[in-house]
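In: Here's my sequence, what's the structure:
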Amino acid sequence: LALRIRARALGVRTVWWGHFWTSTSKKWRAAIRFALMGLSEAILFYTDQEVTESRARGAIAPRKTVHALNNGLDTKKISAFRDAYNPQTRKRDLLFIGRLIDKAELELLVHALAAPQCAKVTVDIIGYGPHFPDLQRLAQNLEVAERIRWHGSIVDEEAIATIANQCKIFIY
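Out: Below is the predicted model:
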């Protein structure tokens, strides 16, 4: 906030980049966030839907420049690559797609794989992040590493679909 105030004093234009609303949003915190957004000359959301919702709720000044990155996966392309879902024909069990960060709590998953009830469960992980080395080390220590496939960061929809079509359940 101090940097934003300084930027404004120096005539530097800024862009607010973030979510309009998240699963943890509360009305009072959102009101503060919307006020802070208003300090920037432009706002960048993740989806067109967030742009539409922000306008519909009147949370953003009508003349404010607001755009969306739409940087997520193209679900229309993914749908074209999707196989019919039959869990009996899928070779792998679980699929995780996301950043390997605290919020994902993947340590819980790795520990669960070490439980006797999960001795045959396999996991495919698409994504990368700061927890990658620690998760790999934990998997080795718990002797479950051979049941985890680490695919790294993938943004190609066909490649993601190829992996997803082998898995029975998506987890997050």
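In: Which residue is the nearest non-sequential neighbour of the most centrally placed residue in the chain?
Out: What sits nearest the mean C-alpha location of the chain, by C-alpha atoms, centre = their mean, is Gly98, with 5.0 Å. Excluding the flanking residues, the one nearest Gly98 by C-beta to C-beta, 6 or more residues apart in numbering is Gly127, at 4.9 Å. For the C-beta atoms, the positions are set from N, CA and C on the backbone; glycine is no exception.
In: coming back round to it: how near is the residue nearest to the centre of the chain to Thr24?
Out: 16 Å (C-beta to C-beta, to the nearest Å).
In: now swap in Glu143 and tell me
Out: According to C-beta to C-beta, Glu143 and Thr24 sit 35 Å apart.
In: And for Ala59?
Out: Distance from Ala59 to Thr24, by C-beta to C-beta: 17 Å.
In: Mind checking which of the two has more residues around it?
Out: Between Ala59 and Thr24, Ala59 has the larger neighbour count (other C-beta atoms under 10 Å), namely 19 against 8.
In: check contacts around the more buried one.
Out: 20, 30, 34 (C-beta atoms under 8 Å, 6 or more residues apart in numbering).
In: Quick check: the first one touching Arg55?
Out: Spelled out, that is Phe20. No - using C-beta atoms under 8 Å, Phe20 makes no contact with Arg55, being 9.9 Å away.
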